[in-house]
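**Student:** sequence and predicted structure, then a few things I'm wondering about:
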Amino acid sequence: MKARTITQGVSWLGAVDWDRRLFDSLIPLPDGTSYNAYLIEGSDKTALLDTVDPAMADVLLSQLKEVARIDYLVSHHAEQDHSGTLPLVLEKYPQAKIVCNPKAKGLLMDMLKLPEGSFLPVEDGETISLGDKSLHFLHTPWVHWPETMVTYLEEDKILFSCDFFGSHIATSELFVSDQGRVYEAAKRYFAEIMMPFRKQIAKNLDKLKDLDISMIAPSHGQIYPDPSFILNAYQDWVHSTPRNTVVLPYVSMHGSTKIMVDSLVSALVERGVRVEQFNLAVTDIGKLAIALVDAGSIVLGTPTIHAGPHPYAAYSALLANALRPKARFLSIIGSYGWGGKTVETLAGMIPNLKVEVLEPVLCKGLPKEQDLQALDKLADSIAGKHQEQEFV
Ligand code: FEO
């Protein structure tokens with residue numbers, strides 16, 4: 001795709017990656033993604049904001065063919081999907097300075113072998129003039145690395161936010177045209193990489209509060225011509241109390257655990273609690289991550305295999321531990337053949353979760369009447385706790 005004009009002197013450059021299906025060898029990308037870079041041409045100087053994933057370097061270099069000079073290469077974030085083409089761009093414009101958070105300098109030198117003399121680190125609040133356009137830099141740590149920053153283009157009131165407010169969508173439309181679609185993609189993105197850093201993100205949202213923003217241009221997905229849409233969504237994901245919802249990732253080998261899951265789901269629904277159920281053998285973990293953003297409780301369902309939890313259940317526990325959702329309660333249900341340490345093993349995998357653990361329900365073989373009654377009791381307990389916490 002060729003460069004596209006956003007407003008006078010401001011253009012979108014970058015690559016739309018329609019075919020990518022996995023990020024960081026972990027995160028599913030059902031809708032592909034894009035790596036957005038932006039060219040800002042002032043009356044005196046020119047800046048390129050971010051680059052693209054090295055796999056698509058040729059697309060960016062082709063867009064830069066007609067650009068004679070670049071003075072500043074702004075690197076908002078050192079992760080390679082944005083910085084990975086910096087070495088090639090610097091080779092083309094050797095006089096350019098890499099403008100970044102001081103914390104990014106070392107990371108970029110380590111990861112891309114960029115020369116120390118090319119850097120121009122900027123402090124929080126610093127401004128660089130391009131003549132009739134001014135780049136105002138704000139450090140926004142932990143969205144989602146420690147060195148992240150954003151740029152506010154003062155004259156045009158555009159916030160270039162890199163990963164912050166991004167979404168993994170490949171599309172030919174530059175601006176958000178379907179808010180429902182973008183809401184889900186942006187929530188998935190928030191859940192997968194931003195959720196563990198909610199406290200820092202809250203501080204960063206506060207920092208942006210006084211800016212007059214006409215447009216937010218992230219480095220993945222579409223540009224927001226209505227910034228309040230994504231700013232309000234982030235406020236909700238970061239600050240709202242958990243909902244009256246149980247997220248129930250489970251796996252079943254011969255059906256016993258599935259019977260328990262069905263019984264618990266039914267009991268919870270009867271008690272007015274919403275449930276989001278995920279069969280880990282087939283689920284998209286991005287959907288599970290989205291559900292974790294609002295969950296009041298998590299219940300893991302697993303059979304016992306080789307004396308411990310099924311590896312898929314262990315994976316979901318490790319994932320929840322890494323994502324650190326707001327959930328306040330957790331329990332474990334499942335079936336075993338002759339014994340094991342399923343509960344102890346899973347409990348040891350979630351030290352980051354600030355949850356009260358509710359009495360697990362494990363049964364031998366097929367669930368019996370007393371096991372189903374124990375599941376009803378667990379549903380009572382969850383519904384009661386949610387009510388006490390006023391989850392809605
Ligand atoms: Fe889009 Fe953290 O890189």
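**Tutor:** Happy to help now that I have it. Residues are numbered from 1 along each chain as shown.
**Student:** show me the helices in the stretch 51-200 of the chain, by range?
**Tutor:** Per DSSP state H, counting those that start in this stretch, the stretch 51-200 of the chain carries helices over the ranges 57-63, 80-83, 86-92, 102-112, 179-189, 198-208.
**Student:** pLDDT (mean, whole number) over the first one?
**Tutor:** Taken as a whole, helix 57-63 carries a mean pLDDT of 98.
**Student:** likewise the fourth one?
**Tutor:** Predicted confidence along helix 102-112 averages 97 (mean pLDDT).
**Student:** and the pLDDT at residue 280?
**Tutor:** pLDDT at residue 280 comes out at 97.
**Student:** the stretch 1-150 of the chain against the ligand: which residues are in contact?
**Tutor:** Within the stretch 1-150 of the chain, the residues that sit near the ligand (Cβ under 6 Å from any ligand atom) are 77, 79, 81, 82, 144. For the C-beta atoms, the positions are set from N, CA and C on the backbone; glycine is no exception.
**Student:** show me which of these are buried.
**Tutor:** 77, 79, 81, 82, 144 (16 or more other Cβ atoms under 10 Å).
**Student:** you'd agree the last one is up against residue 197?
**Tutor:** Yes: Residue 144 sits in contact with residue 197 when judged by Cβ atoms under 8 Å, with a separation of 6.0 Å.
**Student:** list the contacts of residue 272.
**Tutor:** Residues in contact with residue 272 (Cβ atoms under 8 Å, 6 or more residues apart in numbering) are 244, 383.
**Student:** 10 Å - rerun?
**Tutor:** With contact taken as Cβ atoms under 10 Å, 6 or more residues apart in numbering, residue 272 is in contact with 244, 383, 386, 387.
**Student:** element containing residue 31?
**Tutor:** Using DSSP states H and E, residue 31 sits within no helix or strand.
**Student:** that one is in contact with residue 181, isn't it?
**Tutor:** Yes: with contact defined as Cβ atoms under 10 Å, residue 31 reaches residue 181; the gap is 8.2 Å.
**Student:** which of the two has more residues huddled nearby?
**Tutor:** residue 31 (18 against 15; other Cβ atoms under 10 Å).
**Student:** in this structure, what residue lies closest to the ligand?
**Tutor:** residue 79 (3.7 Å; Cβ to the nearest ligand atom).
**Student:** show me what contacts the closest residue in space to that residue that isn't next to it in sequence?
**Tutor:** Once flanking residues are discounted, residue 79 sits nearest to residue 145: 6.4 Å by Cβ to Cβ, 6 or more residues apart in numbering. For residue 145, the contact set (Cβ under 10 Å, 6+ apart) comprises 77, 78, 79, 101, 103, 104, 107, 163, 193, 197.
**Student:** which of those lies closest to residue 136?
**Tutor:** Minimum distance to residue 136 across these is 13.8 Å, recorded for residue 101 (Cβ to Cβ).
**Student:** what about dumping the CA coordinates of stretch 292-311 to CSV?
**Tutor:** The C-alpha coordinates for stretch 292-311 follow below in CSV (Å, rounded to 0.1, in the frame of the first residue of the first chain):
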residue,chain,number,x,y,z
LEU,A,292,-10.7,-12.1,32.0
VAL,A,293,-10.8,-8.3,31.7
ASP,A,294,-14.2,-8.2,33.5
ALA,A,295,-14.5,-11.5,35.4
GLY,A,296,-15.5,-11.5,39.0
SER,A,297,-14.4,-15.1,39.5
ILE,A,298,-12.4,-17.8,37.7
VAL,A,299,-13.1,-21.5,37.9
LEU,A,300,-10.6,-23.8,36.4
GLY,A,301,-11.9,-27.2,35.3
THR,A,302,-9.4,-30.1,34.8
PRO,A,303,-9.0,-33.8,35.0
THR,A,304,-6.0,-35.2,36.8
ILE,A,305,-3.3,-36.6,34.5
HIS,A,306,0.1,-37.9,35.6
ALA,A,307,-0.8,-36.8,39.1
GLY,A,308,-1.4,-33.2,38.2
PRO,A,309,-3.6,-30.9,36.2
HIS,A,310,-4.0,-31.4,32.4
PRO,A,311,-1.3,-29.3,30.7
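**Student:** just the buried positions in that stretch, please.
**Tutor:** Those buried within stretch 292-311 under the rule 16+ other Cβ under 10 Å are 292-305, 308-310.
**Student:** before we move on, what about stretch 87-94?
**Tutor:** Applying 16+ other Cβ under 10 Å to stretch 87-94 flags 87, 88, 89, 90, 93 as buried.
**Student:** just stretch 264-274 next, same as before
**Tutor:** Buried, per 16+ other Cβ under 10 Å, within stretch 264-274: 264, 265, 267, 268, 271, 273, 274.
**Student:** just those residues: which are in strands?
**Tutor:** residue 274 (DSSP state E).
**Student:** the buried residues of stretch 264-274 in helices, which ones?
**Tutor:** 264, 265, 267, 268 (DSSP state H).
**Student:** filter these by proximity to the ligand?
**Tutor:** Okay, of these, nothing touches the ligand (Cβ under 6 Å from any ligand atom).
**Student:** so where do the helices sit in the stretch 251-392 of the chain?
**Tutor:** Under DSSP H, counting those that start in this stretch, the stretch 251-392 of the chain gives helices at 256-270, 285-294, 311-323, 342-347, 369-388.
**Student:** for the last one, the distance to its chain's centre please.
**Tutor:** By that I understand helix 369-388. Helix 369-388 has its C-alpha centroid displaced from the chain centroid by 32 Å (Cα atoms, centre = their mean, to the nearest Å).
**Student:** ok, now the shortest one?
**Tutor:** Relative to its chain's centre, helix 342-347 lies at 27 Å (Cα atoms, centre = their mean).
**Student:** and that helix, what does it pack against?
**Tutor:** Helix 342-347 is packed against strand 297-301, strand 304-305, strand 308-309, helix 311-323, strand 329-336, strand 356-357, strand 361-364, with contacts defined by 3 or more Cβ pairs under 10 Å, 6 or more residues apart in numbering; DSSP states H and E.
**Student:** all set, thanks.
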